[in-house]
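# sequence? don't have it. structure:
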């Protein structure tokens with residue numbers, strides 16, 4: 001979708017929601033329409049709590065196995081968006097919110113988004129490719145801990161850091 005179409009869609013969405021309220025209100029009545037809006041908000045909050053905890057557990061399990069938690073993180077983000085859409089008053093946003101709570105729909109969205117999302121990590125657990133699992137070799141040798149006074153140049157040139165080391169010293 002082109003970015004120039006987003007403002008147009010943001011303008012049409014409230015108009016569609018108002019039209020949905022009018023059509024549903026005319027069919028089932030005002031009080032039943034208001035009850036449906038409240039029910040969808042409660043459903044969104046409940047589904048967010050239930051599925052959100054499951055997503056967090058799957059992200060944790062995937063990370064502990066050393067796998068890429070990108071898919072689970074995107075699913076978690078889609079569940080948050082779905083809950084937000086259900087909390088908004090309106091039937092069009094509710095339809096999209098309910099669709100995003102279905103795992104098969106999230107998988108379809110993930111296959112579309114996977115090419116556009118790159119997960120970076122500093123841990124070797126998130127690396128893939130030939131360098132995966134390898135870390136830098138441990139450094140060997142003595143560790144020298146210097147204070148600021150230990151690492152200053154002498155004006156007389158007797159410091160070992162004053163210049164190149166000569167063999168006759």
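Perfect, I can see it now. As the structure is a prediction and not an experimental result, all values here were calculated from the model. Numbering: from 1, shown residues only.
# going forward, measure contacts and count neighbours with C-alpha atoms only.
Noted.
# all helices of the chain, in order?
Using DSSP state H, the helices of the chain run over 6-28, 30-64, 70-87, 91-100, 103-113.
# in JSON lines: those, plus mean pLDDT.
JSON lines is the format used below for the helices of the chain (pLDDT from 0 to 100):
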{"stretch": "helix 6-28", "mean pLDDT": "90"}
{"stretch": "helix 30-64", "mean pLDDT": "87"}
{"stretch": "helix 70-87", "mean pLDDT": "85"}
{"stretch": "helix 91-100", "mean pLDDT": "91"}
{"stretch": "helix 103-113", "mean pLDDT": "87"}
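# need the winner for burial among those helices.
Ranked by mean neighbour count, those are led by helix 70-87 with a mean of 21 (mean count of other CA atoms under 10 Å).
# off-centre distance for it?
9 Å (CA atoms, centre = their mean, to the nearest Å).
# okay, the angle between that helix and helix 30-64?
In terms of direction (axes from the mean of the first three to the mean of the last three CA atoms, to 10 degrees), helix 70-87 departs from helix 30-64 by 170 degrees.
# list of residues touching helix 70-87?
40-45, 47-48, 51-52, 55-56, 58-59, 93-94, 96-101, 106, 110, 114, 119 (CA atoms under 8 Å, 6 or more residues apart in numbering).
# against residue 32, how distant is the most centrally placed residue in the chain?
Note on the chain: the residue nearest the mean C-alpha position is residue 73, at 5.1 Å, using CA atoms, centre = their mean. Shown here: residue 73 relative to residue 32, a distance of 37 Å by CA to CA, to the nearest Å.
# what's the distance between the residue nearest to the centre of the chain and residue 114?
12 Å.
# before we move on, what about residue 66?
Residue 66 sits at a distance of 19 Å from residue 114 (criterion: CA to CA).
# likewise for residue 107?
10 Å.
# what do you get for residue 60?
Distance, residue 60 to residue 114, by CA to CA: 20 Å.
# residue 93 too?
24 Å.
# for residue 8, same thing?
Noted for residue 8: a distance of 26 Å to residue 114, by CA to CA.
# again, but for residue 71
Distance, residue 71 to residue 114, by CA to CA: 8 Å.
# now the common contact residues for those two.
With CA under 8 Å, 6+ apart as the test, residue 71 and residue 114 reach no residue in common.
# switch the helices of the chain over to TSV; also include distance to residue 149.
Output for the helices of the chain, formatted as TSV (distance: least, CA to CA, whole Å):
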stretch	distance to residue 149
helix 6-28	61
helix 30-64	44
helix 70-87	48
helix 91-100	62
helix 103-113	55
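# what's the closest of those to residue 148?
For residue 148, the closest of those is helix 30-64, at 41.1 Å, according to CA to CA.
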